[in-house]
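K.L.:
Pasting a predicted model and its sequence here:
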Amino acid sequence: MPKTAGFVGSLGGAQLPWRGRRSSTCSEAREPTRFTRPVTPTHGTTLSNVEGEWFGHETSFSGVSGERLTIPEYYVPDEFRNWDAKIYGFDCVTSVKEVEGNSLRVKLTRAMPTVGCEADAVVPEVFEETLPLSQDDGFVGFENGSFSRGPPKYASSSTWEHCMCYGKKRVRVLFPELDGRQKTRLFTEAWDGDYCNGALLSGCGSKISRIEGNGEMDASVQLEGKWSRRGYTWRKSDGTCQVSSVIESRNRFVKRFLPGGVTIDKVVDENGRIVLETSWNVSELTRIVLLRTYSETQELEEVSNYVDERC
């Protein structure tokens, strides 16, 4: 029987080309291609932006120091040990398909990083899981392929997954309570084709660069400035609404920076609400944001998916 693991993911390191002119004002926020209303598939949303074969790279980071972690020693083939090479992650294929019962079947195939093509890859493990696509189970999806997954009631022992999509590339972040010691997992992925149950490995054809560094960066480059925001917020109380606004980010402390312009943060506001936020700077001018908010009674209250563009 295959082992099971969480549907984890992330995308760091990809710098996507800027499409269109730079904004000189915040009066007009352009809506990105294929960015539409957030609704779970149980409400009629197609899964065309979630299903398929996603090629990429997986890296883990220490929950204590934030440092990039090498893979466990027992995964490393003798040839790699002889070269005294440190291996900081896996090449991977994430295969996603809708199954009966409003669920996703997710298969993660890990392979040792290769210098050649598919024949050189060493496949140490395959993980499979079936995920419920229900808001009652803590899943809130958006038609562009972004989603937030976690417990419907906040618990410090939980793990959350945020998937931030931009076109056919995405970042998936699997993160625990940020005040704890568990590791964070980051996936950088690109859509490669229709679902084929992981029959192909990325090999020399991989389109995603491997993640380098520990994520140290100047916060002002990533977060500060004036941004034009466009997106949607799902609220448990009244469904979804469209959001369009101008925000200005100043100096702020962020819990965790990861490579590739990815941040993870946790804020408790004056009303006792807990906000879990991830962001991904896909370029100097554009970032994707996911926010998951729990009420003062620690019940899931709302989830937002935004695209911010620098003014």
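P.N.:
Done, it's in. As the structure is a computational prediction, the values presented were derived from the model and not from experiment. Numbering: from 1, shown residues only.

K.L.:
only C-alpha atoms for contact and neighbour calcs from this point on.
P.N.:
Fine.

K.L.:
quick one: contacts for the nearest residue to Lys86 once chain neighbours are set aside?
P.N.:
Nearest residue to Lys86 in three dimensions, chain neighbours excluded: Thr70, at 6.6 Å (CA to CA, 6 or more residues apart in numbering). Neighbour list for Thr70: Ser60, Lys86, Ile87, Tyr88, Gly89 [criterion: CA atoms under 8 Å, 6 or more residues apart in numbering].

K.L.:
Check for me that Thr70 belongs to a helix.
P.N.:
No - assignment of Thr70 by DSSP: H, G, I helix; E, B strand; the rest coil gives coil, placing it outside any helix.

K.L.:
what's the spacing between it and Gln298?
P.N.:
Using CA to CA, to the nearest Å, we find Thr70 at a distance of 35 Å from Gln298.

K.L.:
What is the neighbour count of Phe90?
P.N.:
When counting by other CA atoms under 10 Å, one arrives at 23 neighbours for Phe90.

K.L.:
Check whether it really touches Ser60, as I assumed.
P.N.:
No - contact between Phe90 and Ser60 fails when scored by CA atoms under 8 Å: they sit 9.7 Å apart.

K.L.:
pLDDT below threshold where in the stretch 201-311 of the chain?
P.N.:
Within the stretch 201-311 of the chain, the segments meeting pLDDT under 70 span 201-221, 250-252.

K.L.:
Do you have the strands of it handy? List them.
P.N.:
Listed in chain order, the strands of the stretch 201-311 of the chain (DSSP state E, counting those that start in this stretch) span 225-235, 239-249, 256-258, 262-268, 274-281, 286-294, 300-310.

K.L.:
May I see those arranged in a markdown table, with distance to Phe187 as well?
P.N.:
Output for the strands of the stretch 201-311 of the chain, formatted as a markdown table (distance: least, CA to CA, whole Å):
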| stretch | distance to Phe187 |
| --- | --- |
| strand 225-235 | 23 |
| strand 239-249 | 26 |
| strand 256-258 | 11 |
| strand 262-268 | 11 |
| strand 274-281 | 12 |
| strand 286-294 | 15 |
| strand 300-310 | 19 |
